[in-house]
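Chemist: Dropping the sequence and predicted coords here.
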Amino acid sequence: MNEKSPVFKDQNLLAEITKITAGLVYVSETDAEVQPFTGGAVANDDVTSALTAIDDREPVEEIDPANFFSRLTALQAWFGAAEKKRAERFARLQRFIEENLRGMKVLKVGRVQKTIYAIGISPGNNLLGVKMDAVET
């Protein structure tokens, strides 16, 4: 497999996402690790349809990526070292997805127990990004 092939690029992107998310925690009513996510091929650049073919729970809510990540990356005066580092890591993750994947979306799937996906389309035309579990009441 050569370095220019889409499959090779996808594998490298997934490896980098794995590094960025190692030990990264999404805080909601329950804390959950941020996990690398890869899905199937995307037809017509339709990220939402491709995801709902994998996770068919209802409802699916699309969140503005900038708004979603702003809550995770904003530095607060009361932050200690751990909170600052987590915010910086989420900012790095956001930049990585925006710079390397096209059609980035943030989708919340489910009702109270939700899975949140921050995903886009890879060079190999597959879903790629991260997922995290959340409880929202």
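Modeler: Everything's here; your move. Numbering: from 1, shown residues only.

Chemist: quick one: low-confidence parts of this protein?
Modeler: 1-5 (pLDDT under 70).

Chemist: Let's see that with 90 instead.
Modeler: 1-8, 28-30, 40-41, 43-46, 48-49, 52-58, 112, 136-137 (pLDDT under 90).

Chemist: E83 against Q76, yeah?
Modeler: Yes: under the criterion of Cβ atoms under 8 Å, E83 makes contact with Q76 at 7.2 Å. (C-beta placed from N, C-alpha, C; glycine too.)

Chemist: what's the overlap in contacts for these two?
Modeler: The contact sets of E83 and Q76 do not overlap (Cβ atoms under 8 Å, 6 or more residues apart in numbering).

Chemist: quick one: which of those two has more around it?
Modeler: Per other Cβ atoms under 10 Å, whichever of E83 and Q76 has more neighbours is E83, with 13 against 8.

Chemist: Now the phi/psi pair for the more buried one, please.
Modeler: When quoted as degrees, to the nearest 10, the phi and psi of E83 stand at phi -70, psi -40.

Chemist: That one and S70, how far apart?
Modeler: For E83, the distance to S70 equals 15 Å [Cβ to Cβ, to the nearest Å].

Chemist: now A15
Modeler: Using Cβ to Cβ, A15 is found at 27 Å from S70.

Chemist: repeat for K9
Modeler: Using Cβ to Cβ, K9 is found at 29 Å from S70.

Chemist: residues contacting F90?
Modeler: Neighbour list for F90: L24, F69, L72, T73 [criterion: Cβ under 8 Å, 6+ apart].

Chemist: Highest neighbour count among these?
Modeler: Most surrounded of those: other Cβ under 10 Å gives F69, at 22 neighbours.

Chemist: What is the host helix or strand of that one packed up against?
Modeler: F69 belongs to helix 65-73 when assigned by DSSP states H and E. Under the contact criterion of 3 or more Cβ pairs under 8 Å, 6 or more residues apart in numbering; DSSP states H and E, helix 65-73 touches helix 81-100, strand 102-110, strand 113-121.
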